[in-house]
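Asks: Fold the following.
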Amino acid sequence: NSTIEAPSSVISLETSDLDATLLSIAVPALFALASDPVASLVDTAFVGKIGPEALAATGIATSVLNLASKIITTPLVSVTTTQVASARGDKELSTASTAALEVG
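Replies: Presented below is the predicted three-dimensional model:
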């Protein structure tokens, strides 16, 4: 039986300044992303009382809003994640923090 252990630099349970910075960005982003579906649900509930035509228009508007949101946020998230991961892997923590804060 041979055991493969990960290097200590790969797995770290310590919270660094970079981790705290990333969490301070990630938590508000999580709430921001969760607020869109909730707002759409509230809009649909209120507009549904007006009539079927208004409800249909709200459905279309919600779909367009969600599509526009994904078109804008997906590239930003991909680029930022790549830059932060690359800088962190190179042990350039100040560069990683700067990359995370520029987009966030």
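Asks: How much space separates the residue nearest the centre of the chain from L65?
Replies: Nearest to the mean C-alpha position of the chain, by C-alpha atoms, centre = their mean, lies A29 at 5.3 Å. From A29 over to L65 the distance is 18 Å, taken as C-beta to C-beta, to the nearest Å. The way it works is simple: take the backbone N, C-alpha and C, and place the C-beta from them, glycine included.
Asks: Repeat that for A85.
Replies: Distance of A85 to L65, computed by C-beta to C-beta: 30 Å.
Asks: With V38 instead?
Replies: From V38 to L65 the distance is 13 Å (C-beta to C-beta).
Asks: More neighbours: those two, which one.
Replies: Set V38 next to L65 and count neighbours by other C-beta atoms under 10 Å: L65 wins out with 14 against 10.
Asks: quick one: which helix or strand includes that one?
Replies: helix 52-89 (DSSP states H and E).
Asks: Can you mark which positions in that helix are buried?
Replies: Applying a neighbour-count criterion of 16 or more other C-beta atoms under 10 Å, one finds T58, T62, T80, Q83, V84, A87, R88 buried in helix 52-89.
Asks: could I get these as JSON lines with pLDDT and distance to V47?
Replies: Compiled in JSON lines, these are given as follows (pLDDT from 0 to 100; distance: C-beta to C-beta, whole Å):
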{"residue": "T58", "pLDDT": "88", "distance to V47": "4"}
{"residue": "T62", "pLDDT": "85", "distance to V47": "10"}
{"residue": "T80", "pLDDT": "79", "distance to V47": "35"}
{"residue": "Q83", "pLDDT": "79", "distance to V47": "40"}
{"residue": "V84", "pLDDT": "79", "distance to V47": "40"}
{"residue": "A87", "pLDDT": "79", "distance to V47": "45"}
{"residue": "R88", "pLDDT": "76", "distance to V47": "45"}
